[in-house]
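# need a 3D model of the following:
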Amino acid sequence: MAIVLGLPKGSLQESTFALFKRAGFNVSCSSRSYVPSIDDPEIKCRLLRPQEMSRYVELGLLDAGICGYDWVYENGSDVQEVCELNYSKATSNPVRWVLAVPNDSKIKSVKDLQGKRIATEAIGLVKRYLKKHGVKADVEFSWGATEVKAPELVDAIADLTETGSSLRANNLRIVDTILTSTTRLIANKAAWKNKAKRAKLEQLKMLLVGALDAQKRVLLKLNAPAKNLAKITAALPALHAPTVNKLDAADWFAVESVVEEHLVRDLIPVLRNAGATGIIELPLNKVIF
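The predicted structure is shown next:
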């Protein structure tokens with residue numbers, strides 16, 4: 001039984017296709033098509049804007065979809081969260097919905113928005129934020145280019161940012177963070193109760209999460225003399241323990257371990273000084289815990 005899976009069109013599209021590639025799925029789509037092809041007969045893909053993904057999943061028009069938690073929250077969608085996928089357009093960091101104003105604005109906090117005009121694509125999100133703080137303001141929908149609307153058209157904006165570079169380029173400063181969001185794999189609740197569909201979604205979850213975990217890790221392989229083996233393995237981090245095999249040479253061992261990539265630049269000199277030779281660093285596609 002095939003599942004119908006929604007993939008995000010727009011800023012997340014390229015990074016999503018790349019993630020599926022690392023997970024073992026080849027996804028492709030022409031520039032004018034909304035029906036991507038995938039080399040898995042048990043998955044049918046549809047390309048949709050993340051803003052509407054959770055609504056179609058909730059209605060059962062899609063069995064599952066990938067979108068940001070922010071749009072699930074904005075739409076108030078009653079869906080099953082399968083897993084969190086820590087990736088975005090440019091980094092693996094969460095994205096933020098922020099309240100921003102021109103650098104020279106007198107607005108310093110949410111309380112200063114009383115009676116002001118705010119432009120945003122996420123009206124429900126902003127209205128709930130203002131209500132929480134007891135502030136009444138005019139919130140209007142923005143069809144795009146939100147950053148350029150302040151101060152000539154509106155007093156403030158609420159927009160999505162990953163690095164803050166676009167806001168800075170438009171001479172805006174952040175007043176507050178409204179919501180922090182990560183990408184999620186979500187499912188229709190009836191589809192989640194279907195044994196076959198749930199099994200496929202669990203498999204997809206395992207492979208996608210494994211591909212993301214692999215991005216942060218590498219495989220280190222090295223040779224170690226017997227006299228230094230204990231010292232080398234003691235210095236080598238591992239998921240559980242380093243793999244050690246006897247080489248076809250007297251008093252030499254082959255050692256390998258999966259380690260976090262950010263440790264490698266400091267780790268290799270330590271291993272070399274401990275007597276390791278033939279050190280190789282290899283990228284990984286998936287790490288399954």
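# so what's residue 22 scoring on pLDDT?
Listed pLDDT for residue 22 reads 95.
# with adjacent residues omitted, what lies nearest to it?
residue 211 (4.0 Å; C-beta to C-beta, 6 or more residues apart in numbering). For every residue, glycine as well, the C-beta is placed using N, CA and C.
# neighbours of residue 234, how many?
9 (other C-beta atoms under 10 Å).
# where do the strands of the stretch 151-289 of the chain begin and end?
For the stretch 151-289 of the chain, applying DSSP state E, counting those that start in this stretch gives strands covering 156-161, 172-181, 183-187, 217-225, 243-246, 252-260, 277-283.
# for stretch 52-70, which positions count as buried?
53-58, 62-70 (16 or more other C-beta atoms under 10 Å).
# could you do stretch 67-84 as well?
Neighbour counts using 16+ other C-beta under 10 Å place 67-75, 77, 79-80, 82-83 of stretch 67-84 among the buried residues.
# how about stretch 177-197?
178-179, 181-188, 191-192, 194, 197.
# quote the end-to-end distance of it.
Counting by C-alpha to C-alpha, to the nearest Å, you get 37 Å between the two ends of stretch 177-197.
# contacting residues around residue 127?
residue 139 (C-beta atoms under 8 Å, 6 or more residues apart in numbering).
# quick one: the helices in the chain, in order.
According to DSSP state H, the chain carries its helices in the segments 13-23, 50-59, 69-75, 123-132, 165-169, 189-193, 195-215, 229-235, 264-273.
# quick one, which of those is nearest to residue 111?
Closest approach to residue 111 among the helices of the chain (C-beta to C-beta): helix 123-132, 10.3 Å.
# so for the closest one, what's the average pLDDT?
96.
# just the CA trace of it, in CSV.
The C-alpha coordinates for helix 123-132 follow below in CSV (Å, rounded to 0.1, in the frame of the first residue of the first chain):
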residue,chain,number,x,y,z
ILE,A,123,-1.5,36.1,11.1
GLY,A,124,-2.7,33.4,13.6
LEU,A,125,0.7,33.0,15.1
VAL,A,126,1.1,36.8,15.7
LYS,A,127,-2.4,37.3,17.0
ARG,A,128,-1.9,34.6,19.6
TYR,A,129,1.5,36.2,20.6
LEU,A,130,-0.1,39.6,21.0
LYS,A,131,-3.0,38.2,23.0
LYS,A,132,-0.6,36.4,25.3
